[in-house]
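[1] Starting from these lines, generate the structure:
(chains A and B)
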Amino acid sequence: EPEVTQTPSHQVTQMGQEVILRCVPISNHLYFYWYRQILGQKVEFLVSFYNNEISEKSEIFDDQFSVERPDGSNFTLKIRSTKLEDSAMYFCASKSQGGNEQYFGPGTRLTVT
Amino acid sequence: AQRVTQPEKLLSVFKGAPVELKCNYSYSGSPELFWYVQYSRQRLQLLLRHISRESIKGFTADLNKGETSFHLKKPFAQEEDSAMYYCALTNTGRRALTFGSGTRLQVQP
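    Numbers count the residues shown, from 1 in each chain, chains lettered A, B, ... in the order given. Predicted structure coming up:
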């Protein structure tokens, strides 16, 4: 069964550095999402992406964040200058046209020191 | 604003006991409600959604619009049901999911 994959599984970075989190959605899916979960808190929506553009973003998704679909398979989340409070689990999800279910990746644990 | 509330952080029951994980929501339109489950060291996966009115792994959930609730129930808990359970909400236009804070279900032998 096809699955969403994410790399790396764990990323450690220093405050102020740029990070890129990578996701490979399920191949025929058209809707893509990023969520994050700070330790001990709820899963929070960051951004959704459809037809090569952002369709919705939350207040968390400020100018430090950007998303890109650089080729036909990858979907990336870039954090330009990481802060300590960006430490969290970041989940990618994808959904098919007309489907209701979002399929989640295993997550990338980002640790900012 | 839409919100999902799961009042219990932890629910511990014995095997064979009934389980009810509570979920309340606030939303002004017509929401779509879901239950997601995360087993230990596994990814979030959809357990069930209200529009399909299905029973998965013995779990059911009924949308009660009057009480704005979508509680998850199972008559006889099994040890393999131990996991984190998240209630989530969206609408057909928005598509992004709003999650509750999750309830950890522990089923003891």
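[2] Can you give me the pLDDT of the closest residue to A:Arg109 other than its chain neighbours?
    Distances taken as Cβ to Cβ, 6 or more residues apart in numbering or on different chains put A:His10 closest to A:Arg109, at 4.6 Å, once the chain neighbours are dropped. Just so you know, the C-beta spots here come from the backbone N, C-alpha and C atoms, and that holds for glycine as well. At A:His10 the predicted local confidence, pLDDT, stands at 97.
[3] Also A:Phe75?
    pLDDT recorded at A:Phe75 is 96.
[4] now it, which residues is it bridged with?
    For A:Phe75, the residues forming beta bridges with it (DSSP bridges) are A:Cys23.
[5] ok, the residue nearest to A:Arg109 - contacts?
    Neighbour list for A:His10: A:108-109, A:111 [criterion: Cβ atoms under 8 Å, 6 or more residues apart in numbering or on different chains].
[6] and chain A, which residues reach chain B?
    Counting by Cβ under 8 Å from any Cβ of the partner chain, the positions of chain A adjacent to chain B are A:3-4, A:31, A:33, A:35, A:41-45, A:48, A:55-56, A:58, A:91, A:95, A:100-102, A:104-107.
[7] In strands only, show me the residues you listed.
    Where those overlap with strands, as defined by DSSP state E, the overlap consists of A:31, A:33, A:35, A:43-45, A:48, A:55-56, A:91, A:95, A:104.
[8] ok so, going back, quick one: which of the contacts of A:His10 is most hemmed in?
    With neighbours taken as other Cβ atoms under 10 Å in any protein chain shown, the top of those is A:Thr108, carrying 22 neighbours.
[9] Isn't that one up against A:Leu21?
    Yes - shown here, A:Thr108 and A:Leu21 form a contact pair, counting by Cβ atoms under 8 Å, at 4.9 Å.
[10] Just give the nearest non-adjacent residue to residue 45, would you?
    As the question left the chain open, I've gone with chain A. Counting by Cβ to Cβ, 6+ apart, A:Phe45 lies nearest to B:Ala96, which is 4.4 Å off, once chain neighbours are set aside.
[11] um, chain B though
    Spatially, and ignoring its direct neighbours in sequence, B:Gln45 is nearest to B:Val37 (6.0 Å; Cβ to Cβ, 6+ apart).
[12] Would you mind checking which helix or strand in chain B has the lowest mean pLDDT?
    Of all the helices and strands that make up chain B, the one with the lowest confidence by mean pLDDT, DSSP states H and E is strand B:45-49; it has a mean of 92.
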